[in-house]
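predicted model, plus sequence, below.
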Amino acid sequence: MKTRVGIVGPQDSVDLICEVGREFADDLTVLPFIYQNVEETNAIIQQYEHQIDIWVFSGQAPFAIAQESGLKQQFLFPPMEGAGLMKSLLEIGYRDQKNLLRLSFDTLSRLEVMEAYTELGLSSEQLHLLPYSGYKPAAELIDFHHSLFINRQVDACVTCLHSVYEELKRRGVPVYRITKTRGSIRRMLSMALQQGETLHFKKSQIAVLLIQIGGMDQLISQNTLSYDIHRLHLRLQETVLEYTESISGSFIALGSEKFLLFSTRGSLESGETSPALLPERLAVVTDLSTNVGVGYGNTALSAEQNAQLALLHAQNYGPCSTFMVDDNNQIEGPLESPNRLSFGYRTESKAIREKLKEAKITIKTYSKLLSVQNSSHHHSITSSDVAAWLKMTQRNARRILHELEQHSLAEVIGEEAPPARGRPRKIYRIKEECE
């Protein structure tokens, strides 16, 4: 089965990537998605998420926007290489006979530009650079180049963005655009091919779902008519059967309050209905609480063991919740929440294990705290965050953070004022490596 690769970028960049992509026609299906403005990137990948396995972007800016989308697909872009910069310098100095010493550059790192000028034996003292990582609005780059040109500080401008190039050209500014080389595109598509093979292997993994209906025994003990119990069980089976059919799976009823479903990871993840919606569907049939555990594995045994662990976490979290454990022992949940956590219960660092043991904190709790911290825009955490996310008291949350600080697994990086009267709250940063 071919890997479906979506190419996102301006017309000329997409055409070039698609042209190189024909060399991989036996293994990759390359689908073009052309935008007029880089800000359209998020809308494109959200709309066609289920039709694409791996997304490839024309450059750094759309790639950075995609990374903020929250999608869990693979994202790639061809790196900027020295050959592309050298090609632009050749056009400026040799073809157009312009001064290479009075130029402005955006996007490229200072090191990349300086190395190129050193290799050419040129001075870089009069160059103007605007290096950045991630995404920067095109308007800022246009203003940077345009102001330098009208103030006669540069003779020409060099950009990596198509929209910046077109606007500066429209304003009459001498501008050149650094484009990706076929070699860098070829290497990136080779990487997409490798990731596609890994992705197809993952999709063929076994998926097991364990559904637990709570309180059926209480219904029986309340002298409910046996006919009513049977009708309820049949309705529950019908709901589970409908979902099982949607994921091309099979199921077994384990008594009156538990169901075991088998499918593949690919079918489950590409299904229209998320397993996180199962408790909601079953709630239409009965007001009894439902928990779901999803497990992935390379064998039926490992997938079922992971599903049992996921179900245990769902039951500990609360009613009507769904958790997942994958083949790498990563736990994720609750799946129905936009603020879900992803954490593990193992660590390969002996030093961290020993410090956590001394602090009397489990690896699972430490991993959860890291996940909460990583979900924060400030990459920090407070006792209020811990209490809210992990459903514990403020006192217990403060104790855990204090113990981590005492054992050099966390540090205080600031304070924040409480919403009401009281002492300022400490802001912590959990360390991912042991010093």
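Great, that's in hand.

C-alpha from now on. contacts and neighbour counts both.
Fine.

low pLDDT regions in the stretch 251-400 of the chain?
271, 345-348, 377 (pLDDT under 70).

quick check: mean pLDDT of stretch 74-92?
The pLDDT scores in stretch 74-92 average 89.

helices of the stretch 301-435 of the chain, residue ranges please.
Taking DSSP state H, counting those that start in this stretch, the helices of the stretch 301-435 of the chain run over residues 350-359, 363-374, 383-390, 394-406.

mind listing what S69 touches?
Residues counted as contacts of S69 (C-alpha atoms under 8 Å, 6 or more residues apart in numbering) are N42.

that one - that's part of a strand, no?
No: membership of S69 in a strand is not supported by DSSP: H, G, I helix; E, B strand; the rest coil, which gives coil.

hmm, F343 is touching V372, no?
No: F343 is beyond contact range of V372, at 9.3 Å (criterion: C-alpha atoms under 8 Å).

look up phi and psi at the most centrally placed residue in the chain.
With distances taken as C-alpha atoms, centre = their mean, K72 lies nearest the centre of the chain, 4.5 Å away. Phi and psi for K72, reported as degrees, to the nearest 10, are phi -100, psi 20.

next up, the contacts around it.
So K72 contacts nothing (C-alpha under 8 Å, 6+ apart).

domain parsing for this structure?
3-78+182-201, 82-177, 204-338, 344-430 (automatic domain parsing).

okay, how far is it across the shortest one, tip to tip?
Across its full length, domain 344-430 reaches 15 Å between end residues, using C-alpha to C-alpha, to the nearest Å.

give the buried residues for the helix or strand hosting S190.
Element membership of S190, judged by DSSP states H and E, is helix 182-203. Buried residues in helix 182-203, counted by 16 or more other C-alpha atoms under 10 Å: 184-186, 188-189, 192-193, 195-197, 199-200, 202-203.

equivalent analysis for stretch 391-400, please.
Here stretch 391-400 shows Q394, A397, R398, I400 as buried, counting by 16+ other C-alpha under 10 Å.

equivalent analysis for stretch 22-38, please.
F24, D27, L28, T29, V30, L31, P32, F33, I34, V38.

distance between the helix holding S190 and the chain's centre?
18 Å (C-alpha atoms, centre = their mean, to the nearest Å).

could you do stretch 257-275 as well?
22 Å.

for the closest residue to A300 other than its chain neighbours, name its beta-bridge partners.
Using C-alpha to C-alpha, 6 or more residues apart in numbering and skipping the chain neighbours, the partner closest in space to A300 is I206 (6.2 Å). Beta-bridge partners for I206, by DSSP bridges, are T264, G297.

i'd like the first residue to be 44 from this point on
From this message on, residue numbering opens at 44, which makes the last subject I249.

what about the helices of the stretch 344-478 of the chain, which gets the closest to S206?
Across these, S206 has its closest neighbour in helix 406-417 (32.6 Å, C-alpha to C-alpha).

buried ones in that closest one?
I406, T408, Y409, S410, K411, L412, L413, S414, V415, Q416, N417.

can you show me the CA trace of stretch 90-110 as CSV?
Below are the C-alpha coordinates for stretch 90-110, written out as CSV (Å, rounded to 0.1, in the frame of the first residue of the first chain):
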residue,chain,number,x,y,z
GLN,A,90,-9.7,19.7,6.1
TYR,A,91,-7.7,16.8,4.5
GLU,A,92,-6.3,15.2,7.7
HIS,A,93,-8.0,11.8,7.0
GLN,A,94,-6.8,11.6,3.4
ILE,A,95,-3.1,12.1,4.1
ASP,A,96,-0.6,9.9,5.9
ILE,A,97,2.4,12.3,6.0
TRP,A,98,2.5,16.0,5.3
VAL,A,99,5.4,17.7,3.5
PHE,A,100,5.7,21.5,3.6
SER,A,101,7.6,23.8,1.2
GLY,A,102,9.5,25.4,4.1
GLN,A,103,10.0,26.4,7.7
ALA,A,104,7.0,28.7,8.0
PRO,A,105,4.1,26.3,7.0
PHE,A,106,5.9,23.5,9.0
ALA,A,107,5.9,25.6,12.2
ILE,A,108,2.2,26.5,11.7
ALA,A,109,1.3,22.8,11.3
GLN,A,110,3.1,21.9,14.4
